[in-house]
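Peer 1: Can you look at this prediction? I've put the sequence above it.
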Amino acid sequence: WAVTPFVLAGSFDHIIPPRIDLIVVVSAFFLTALINSTSCDVRDMIGDRLAGIITFANYFGKKHTASCLCFMAALGCLLVGINQYYGNVSKPATLFFFITVLWSGIVASPIYISKFHLSKLISEPLNDSQVVFNGISLIVFSLCV
């Protein structure tokens with residue numbers, strides 16, 4: 001999931017000099033892609049079950065999948081925040097991580113919250129906007145460093 005941003009970020013050493021910032025950027029892309037793809041699996045749980053496809057969402061259920069993704073996002077933010085506090089991660093990389101993870105959580109939340117049901121016609125483009133948002137954020141990040 002994080003190969004493309006890794007190649008982009010790694011090929012421009014002058015854009016992201018500190019290696020830990022590169023790890024933070026790649027981690028943000030990995031985590032947001034994981035949230036996005038797993039959330040897409042939640043939307044298709046019934047069809048996947050009928051087709052015999054075993055996904056994380058099918059195996060653990062909607063509630064446990066949401067809990068696991070929230071835990072991973074919170075843990076990632078905590079680790080990046082601690083490293084930023086100790087000066088290991090730049091402020092732009094920290095903001096990039098926090099904003100992209102927050103955005104992926106916001107756009108995925110209607111999939112998990114039954115009261116806030118959006119039609120697939122709206123939720124799918126919204127969830128897919130996470131990739132575009134990450135790309136725009138990476139460009140802004142590269143201009144800030």
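Peer 2: Cool, the structure landed. Numbering: from 1, shown residues only.
Peer 1: Enumerate every residue touching the most centrally placed residue in the chain.
Peer 2: The residue lying closest to the centre of the chain (C-alpha atoms, centre = their mean) is residue 32, at 0.9 Å. Contacts for residue 32 (C-beta atoms under 8 Å, 6 or more residues apart in numbering) come out as 100-101, 103-104, 130, 134. In this view, the C-beta of every residue, glycine as well, is placed from N, C-alpha and C.
Peer 1: let's see it at 7 Å
Peer 2: If you count contacts by C-beta atoms under 7 Å, 6 or more residues apart in numbering, residue 32 has them with 100-101, 104, 130, 134.
Peer 1: For my notes, please list those residues in TSV and give distance to residue 70, pLDDT and neighbour count for each entry.
Peer 2: Converted to TSV, the contacts of residue 32 look like this (distance: C-beta to C-beta, whole Å; pLDDT from 0 to 100; neighbours: other C-beta atoms under 10 Å):
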residue	distance to residue 70	pLDDT	neighbour count
100	16	87	23
101	11	92	22
104	11	87	26
130	16	73	22
134	19	72	24
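Peer 1: For the residue nearest to the centre of the chain, what is the enclosing helix or strand?
Peer 2: Under the criterion of DSSP states H and E, residue 32 resides in helix 19-43.
Peer 1: Return the residues in contact with residue 41.
Peer 2: Per C-beta under 7 Å, 6+ apart, neighbours of residue 41: 48, 55-57.
Peer 1: repeat that with 8 Å
Peer 2: Residue 41 makes contact with 48, 55-58, 65, according to C-beta under 8 Å, 6+ apart.
Peer 1: Among those, find the one with the greatest number of neighbours, please.
Peer 2: residue 57 (24 neighbours; other C-beta atoms under 10 Å).
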